[in-house]
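Visitor: no sequence on this one, just coordinates:
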């Protein structure tokens, strides 16, 4: 596929695909990013590309699959956050949880946030203190959704390791 053919394919299909994906993910920003990812994958794999049948149908399936992957990842993230929130509440509400332990946990979390790279700290504060979703954070900071997700995942990994290391959760 030549660059001109690819450009033409993109110009004719990007907008309808974005509208299609937006109905699935309910975010124009996320939809645009997912469609760009579809075209990027198409361009990178152009040497092995063997489309049989309708190109629009092929692109639509690619976009649908990419959106479904994103939705699954978002659902897993929300489930993990609900579980973590429930565990923290259960721990802090339990009769065995004392104020010293809670203060220690708060101090450790504060230290971890302070030690994070500036961008990751900003992402985590927006996520945990303001309760914003990854797509909103990405849009506000001008980052890709993948970058925001990576920052959150790495921060959660650091928090889990610090809590386990200091045996803050029974």
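Guide: Arrived safely. Here the structure is a predicted model, which means the values were calculated and not measured.
Visitor: going forward, measure contacts and count neighbours with C-alpha atoms only.
Guide: OK.
Visitor: And the helices in this structure?
Guide: Listed from the start of the chain, the chain has helices (DSSP state H) covering 3-25, 28-44, 55-93, 99-115, 118-124, 134-141, 145-165.
Visitor: Now the weakest link among those, please, by mean pLDDT.
Guide: If you rank the helices of the chain by mean pLDDT, helix 99-115 sits at the bottom with a mean of 77.
Visitor: Give me the spatial nearest neighbour of the residue nearest the centre of the chain, chain neighbours excluded.
Guide: A centroid search over the chain (CA atoms, centre = their mean) returns residue 149, at 3.4 Å, as the residue closest to the centre. Taking CA to CA, 6 or more residues apart in numbering, and ignoring the residues beside it in sequence, residue 149 has residue 134 as its nearest neighbour in space, at 6.6 Å.
Visitor: From what I see, the one you found and residue 143 are in contact.
Guide: No - applying CA atoms under 8 Å, one finds residue 134 not in contact with residue 143, separated by 10.0 Å.
Visitor: So what's the residue count around residue 50?
Guide: For residue 50, the number of neighbouring residues by other CA atoms under 10 Å comes to 8.
Visitor: Kindly report the same for residue 65.
Guide: When neighbours are defined as other CA under 10 Å, residue 65 has 15 of them.
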